[in-house]
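Peer 1: Take a look and give me a structure for this.
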Amino acid sequence: MKNIMITAVCTLVLCTSSLLKAQTFINYTTTDGLPDNFIVGGVAVDTNNNKWFGTAAGVAKFDNTNWTVYNTTNGLIDNYTTCIAVDNNNNVWVGTNLGVSKFNGTTWTNYTTTDGLIDDAVVYIAGATDGSVWFATSVGISKLSGTTWTNYTTANGLATDVIDYIAMDPSGNKWFGTQMQGFSIYDNSTFTNVSTTVIDSLLDNNVFAIAVDKLGQKWIGTWYGITKLNNANNWAKNYRYTDGLYNNYVRDIKVDSNNNIWVGVFADYNLDGAISSFDGTHWVSYTIADGLADKQVIRLAIDKYNDVWIATGNGVSKLSNSVGINTNSSDEFSVYPNPATDVLTIKHKSMYAKASIFDLSGKLITKYELTNMTTQLDIGEINPGMYILQITDNNNTYATKLVIH
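Peer 2: Numbering: from 1, shown residues only. Purely as a prediction, here's the structure:
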């Protein structure tokens, strides 16, 4: 399997101790097994940690080793996907412009307006904890519960029929992002509509992403940045480009198990995008310069290892947290002295490797070619402080804290 591995170092400083992570991009394209590089339908993760990608030419499943492609030949209603999701029963749902398809692991079942779907063009799908599945369209919302379809429009209380996004909170409320009318909250009985006329600090009424974090806070993604609500649904804070977001054009927001916020952004006007992460204090962004497959970020998903999967306009990127920072030397290499002053000695098992030193913001300070199994590096020109030393050999990456006096 061919892939591209590029490493970016992200450092988060917490009080007097440091939580340091070396994060690795791995990119996948049609060369690896995708049916198309345009991942227009996004990405979802099932309970077995399989990754599912909706592309312009069918659906791909990746079990971390093998790729399986599904298309109309297998029973998919249409090859051009618009969204993808996994419900509470581990069924995979695929939205298209011709209806939706459900895959139960064996069989594909298709649904259209003939069955009860409010519109065949589905833009977002989300599963609820009660097993129901919700579908967003430009003419309203559909809910499938068992075999029963229920449709909702402005006649039922929605702010508008043009829905872009669906999220669920721990109380079972449904949150619907809309175009031009803010967002609607459904408590399974009544719709409450929220716009800039209700919360004047809401950054924009075009809501394209909503996430609920571990504290019950809501992150409302718009084309003018993110508005955060507290767990009582009152305004708490806004985040924009000037606060640390890569840009203000939010396309998706997801929360990992450590309550880190991950944001996909892409601005149509200059075709520039990236992903940004927030740990509650610091924002860090990752771009194509760090290894991201493409500037057009479409959707995000978090797997059970907290790896971030990014659907883009030119393939899939996985941002992995699996490469850790060792406070002591690895079995694969040793570094001494540490702390160091003018000279640093590195021993490693490979005949050839590369060493890079990053500061605590992730900025590359210097890099070296290690052409011997024992190499002495001149570090006398580097300012005193704490750094990350990263060693790469044979596509493996190791890293450790380095203190320079």
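Peer 1: ok, now which ones touch the residue of the chain most remote from its centre?
Peer 2: The C-alpha centroid of the chain is most remote from Asp342, which lies 40.7 Å away (C-alpha atoms, centre = their mean). Contacts here follow C-beta atoms under 8 Å, 6 or more residues apart in numbering; on that basis Asp342 touches Asp378, Ile379, Gly380. The way it works is simple: take the backbone N, C-alpha and C, and place the C-beta from them, glycine included.
Peer 1: out of these, which are buried?
Peer 2: Ile379 (16 or more other C-beta atoms under 10 Å).
Peer 1: out of the contacts of Asp342, which are inside strands?
Peer 2: Asp378 (DSSP state E).
Peer 1: And the contacts of Asp342, which is closest to Val43?
Peer 2: Nearest to Val43 among the contacts of Asp342 is Ile379, at 41.2 Å by C-beta to C-beta.
Peer 1: Just give the closest residue to that closest one, not the sequence neighbours.
Peer 2: Leu344 (5.1 Å; C-beta to C-beta, 6 or more residues apart in numbering).
Peer 1: can you tell me the helix or strand for the one you found?
Peer 2: strand 343-348 (DSSP states H and E).
Peer 1: And the helix or strand just after that strand, what does it pack against?
Peer 2: Downstream of strand 343-348, the first helix or strand assigned by DSSP H and E is strand 353-358. Here strand 353-358 touches strand 4-14, strand 364-370, strand 385-393, going by 3 or more C-beta pairs under 8 Å, 6 or more residues apart in numbering; DSSP states H and E.
Peer 1: which stretches of the stretch 101-250 of the chain form strands?
Peer 2: Per DSSP state E, counting those that start in this stretch, the stretch 101-250 of the chain carries strands over the ranges 108-111, 124-127, 133-137, 140-145, 148-152, 163-168, 174-178, 183-186, 191-194, 207-212, 218-222, 225-229, 235-239, 250-255.
Peer 1: Direction included, what does the second one pair against?
Peer 2: Within its sheet, and counting by DSSP bridges, strand 124-127 is paired with strand 133-137 (antiparallel).
Peer 1: pLDDT averaged over the partner strand - what is it?
Peer 2: Strand 133-137 shows a mean pLDDT of 98.
Peer 1: Dig out what Gly99 forms beta bridges with.
Peer 2: Beta bridges link Gly99 to Thr96, judged by DSSP bridges.
Peer 1: tally of neighbours for it?
Peer 2: 21 (other C-beta atoms under 10 Å).
Peer 1: residues touching it, list them.
Peer 2: Here Gly99 is in contact with Ile77, Asp78, Asn110, Tyr111, Thr112, Thr113, Leu117, Asp120, Val122 (C-beta under 8 Å, 6+ apart).
Peer 1: switch to 6 Å and redo it
Peer 2: Going by C-beta atoms under 6 Å, 6 or more residues apart in numbering, Gly99 touches Ile77, Asn110, Tyr111, Thr112, Asp120.
Peer 1: With Ile275 instead?
Peer 2: Contacts of Ile275 (C-beta under 6 Å, 6+ apart): Gly264, Tyr286.
Peer 1: Closest to Phe208 out of the contacts of Gly99?
Peer 2: Using C-beta to C-beta, Asp120 is the member of the contacts of Gly99 that lies nearest Phe208, at 21.6 Å.
Peer 1: nearest spatial neighbour of the closest one, skipping sequence neighbours?
Peer 2: Nearest to Asp120 is Gly99, by C-beta to C-beta, 6+ apart, at 4.7 Å.
Peer 1: Look up how far Ser142 lies from the one you found.
Peer 2: Counting by C-beta to C-beta, to the nearest Å, the gap from Gly99 to Ser142 is 11 Å.
Peer 1: about what we covered before: just flag the most distant two among the contacts of Gly99.
Peer 2: Asn110 and Asp120 (10.4 Å).
Peer 1: which SS state does the residue positioned nearest the centre of the chain fall under?
Peer 2: Nearest to the mean C-alpha position of the chain, by C-alpha atoms, centre = their mean, lies Leu300 at 3.0 Å. The three-state label given to Leu300 by DSSP: H, G, I helix; E, B strand; the rest coil is strand.
Peer 1: from memory it sits against Lys254, does it?
Peer 2: Yes. With contacts counted by C-beta atoms under 6 Å, Leu300 reaches Lys254, the gap being 4.7 Å.
Peer 1: Can you pull the residues that touch both of these two?
Peer 2: Trp262.
Peer 1: Against Thr397, how distant is the residue lying closest to Ile357 once chain neighbours are set aside?
Peer 2: Nearest non-adjacent residue to Ile357, counting by C-beta to C-beta, 6+ apart: Ile365, 4.6 Å away. According to C-beta to C-beta, Ile365 and Thr397 sit 17 Å apart.
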